[in-house]
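Colleague: For reference, the sequence and a predicted model appear below.
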Amino acid sequence: MEKAAVRSEGLVIPLIDFSAFLNGSPEQRKQTADAILHGFQTAGFIYLKGLPITSDYRKHVFETSAKYFRLPEETKMSHCWTTPEANRGYSAPGREKTTRLTDIDEVKKLRDAVPDLKESFEIGREGVEDHPNHWPVEEGELVDFKKIMLEFHDKCKALHMEVMRAIAVGLGIDESWFDKFTDEGDNTLRLLHYPEVKKDVFTINPGQVRAGAHSDYGSITLLFQDSRGGLQVQSPTGVFVDATPIEDTVVVNAGDLLARWSNDSIKSTIHQVVEPPSGDGDVYPARYSIAYFCNPNFKSHIEAIPGTYASEQDRKYEGINSGQYLVQRLTATY
Ligand SMILES: O=C(O)CCC(=O)C(=O)O
Ligand SMILES: [Fe+2]
C-alpha cells in the first residue's frame, strides 16, 4: 500500500520523500513527481519530508515567530495589516475570518458571531515599491527578525519553484515550464499564533474554531505546523479529517488558482483549524504554525496549463491576471 500520512474517509494524503526528486536518479525523480501530482489531483494535500530546510533551522524560525507574538498588542497594532493590495503586516485576533462565503456582508456577520481565534503577521516580497513590508522595531528579545524571516522567505520561494517543477515533470511538460511564473517570488509568509484558549469557549459557542473552513487562493501553500494538532482536511465524503503533525515534514496543499490553472485536474481542498485533540486542565495550549502562500508572479496571465485539456472546448476558464485574482479573493475575507 502507498505510504500515507492520512488515510480516512476516502481521504489519502501521501507522505513523499522530496529528496528523491531533488537528488534522485531520473527514474526516482519521475516517480516522485508522479506521486506529488497524484496527491494534488486526489487529496489536494501532500506531506513532504526530506526537505532542504533542516529541523534546527525550522525550530529557530518558530522561536523567532513566538518572540514576535509576545510583543505588546499596541506595538503589533502599530504595523498592522492595511489593504488586500498590500497584504502585509499584523492582523489581530478576529480581524480575518477564513470562510467559504464570498459575500462581504455574510462574512462580516460570521466574523462577529464566531471570530477566528488567531493572530497573524504577513510578510510579502521585500522591495516592492508601493508595498513595503511592515517590519516591527527590533528591540528586547526580538533580534534579527527581519533577517531571519527574509531568509526563510527565500528558502520557501526556492521550495515553491521545486514543487512546481515536480508538478511539471508529473504532467509531462518541460520541467522548467513554471519557472517563468515562480521566479519573482510574489509569495506571502504568514506567521500564525493561535493563543491558549479555555476549553469551554468551544462548548459555549457552537461553530467556534481556531481558523474557519476555507480553501487557499494561490498556487500552493507550504504549511509548517508545530506538534499541537488541530489542522483538519475535508474528505471526499465531506468529513473533516485530522491532518496530524508529523515531525520534519511540511504539509503542501494546492490553492484555488492552481486548481483553475490546471483546468480543475488539481484539487484545492477545504481545510480548517479546530481545537487540538488534547490539552492540560481546562485550557488548550497555544499553537504556532507558519504558512507560506505561493502565487504565480503577480504580473502573469493565467490560462490552462498545456496538457490539462484535450481540446479548446475543454478549457473551463477564461484567462486571468494572477495579482488581480489574489486581491479579489483577499478583499472578501478581511
Ligand atoms: O495554521 C494552520 O495549520 C493552517 C492555516 C491555514 O490554513 C491558512 O492560514 O490558510
Ligand atoms: Fe489555509
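Modeller: Noted; the coordinates are in hand. Numbering: from 1, shown residues only. Ligands and ions are numbered 1, 2, ... in the order given.
Colleague: in what helix or strand does the residue nearest the centre of the chain lie?
Modeller: Closest residue to the average C-alpha location of the chain: residue 221 at 3.3 Å, with CA atoms, centre = their mean. Per DSSP states H and E: residue 221 is located in strand 220-225.
Colleague: Could you see whether ligand 1 lies near whichever helix or strand comes after that strand?
Modeller: Scanning forward in sequence from strand 220-225, with DSSP H and E defining helices and strands, the next element found is strand 231-234. Yes - applying CB under 6 Å from any ligand atom, one finds that strand 231-234 is in contact with ligand 1 at residue 231. Backbone N, C-alpha and C define where each C-beta goes, glycine included.
Colleague: related to what we said a few turns ago, pLDDT score assigned to the residue nearest to the centre of the chain?
Modeller: Model confidence at residue 221, given as pLDDT, is 98.
Colleague: related to what we said a few turns ago, can you tell me if the strand holding residue 221 touches ligand 1.
Modeller: Yes - using CB under 6 Å from any ligand atom as the criterion, contacts between strand 220-225 and ligand 1 involve 223, 225.
Colleague: got the contact list for the helix or strand containing residue 90?
Modeller: Taking DSSP H and E as the definition, residue 90 sits inside strand 89-91. With contacts defined as CB atoms under 8 Å, 6 or more residues apart in numbering, strand 89-91 is touched by 76-77, 79-82, 119-122, 133-134, 334.
Colleague: what about 7 Å?
Modeller: Here strand 89-91 makes contact (CB atoms under 7 Å, 6 or more residues apart in numbering) with 76-77, 79-82, 119-122, 134.
Colleague: got these as CSV, with pLDDT columns?
Modeller: Listed next are the contacts of strand 89-91 as CSV, based on pLDDT from 0 to 100:
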residue, pLDDT
76, 96
77, 95
79, 96
80, 95
81, 96
82, 95
119, 97
120, 97
121, 98
122, 98
134, 97
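Colleague: which one of those has the most neighbours?
Modeller: residue 121 (27 neighbours; other CB atoms under 10 Å).
Colleague: What's the first helix or strand after the lowest-mean-pLDDT helix or strand in the chain?
Modeller: Taking mean pLDDT, DSSP states H and E as the measure, the chain has helix 104-113 as its least confident helix or strand, at a mean of 69. Past helix 104-113, heading to the C-terminal end, the next element that is a helix or strand (DSSP H and E) is strand 119-123.
Colleague: For that next one, which helices and strands make contact with it?
Modeller: Strand 119-123 makes packing contacts with strand 89-91, strand 188-194 when contacts are defined by 3 or more CB pairs under 7 Å, 6 or more residues apart in numbering; DSSP states H and E.
Colleague: and the last one, which strands flank it?
Modeller: The reference is to strand 188-194. Strands that pair with strand 188-194, judged by DSSP bridges, come out as strand 119-123 (antiparallel), strand 287-293 (antiparallel).
Colleague: And the ones you listed: which comes nearest residue 60?
Modeller: With CB to CB as the criterion, residue 60 lies closest to strand 287-293 of those, at 11.8 Å.
Colleague: The very next helix or strand once past that closest one pairs with which strands, parallel or anti?
Modeller: Per DSSP H and E, strand 287-293 leads on to strand 301-302 as the next helix or strand towards the C-terminus. Under the criterion DSSP bridges, strand 301-302 sits next to strand 320-321 (antiparallel) in its sheet.
Colleague: what about the very next helix or strand once past the partner strand, distance to the chain center?
Modeller: From strand 320-321 onward toward the C-terminus, using DSSP H and E, the following helix or strand is helix 322-333. Here helix 322-333 shows a centroid-to-chain-centroid distance of 15 Å under the convention CA atoms, centre = their mean, to the nearest Å.
Colleague: Please spell out which residues along helix 322-333 are buried.
Modeller: For helix 322-333, the neighbour count (16 or more other CB atoms under 10 Å) marks 322-323, 325-327, 329-330, 332-333 as buried.
Colleague: That one near ligand 1 at all?
Modeller: No - using CB under 6 Å from any ligand atom, helix 322-333 stays clear of ligand 1, coming no nearer than 9.8 Å.
Colleague: is the closest residue to ligand 1 within the stretch 201-334 of the chain in a bridge, and if so with what?
Modeller: The stretch 201-334 of the chain approaches ligand 1 most closely through residue 289 (3.5 Å), counting by CB to the nearest ligand atom. Applying DSSP bridges to residue 289 yields these beta-bridge partners: residue 192, residue 225.
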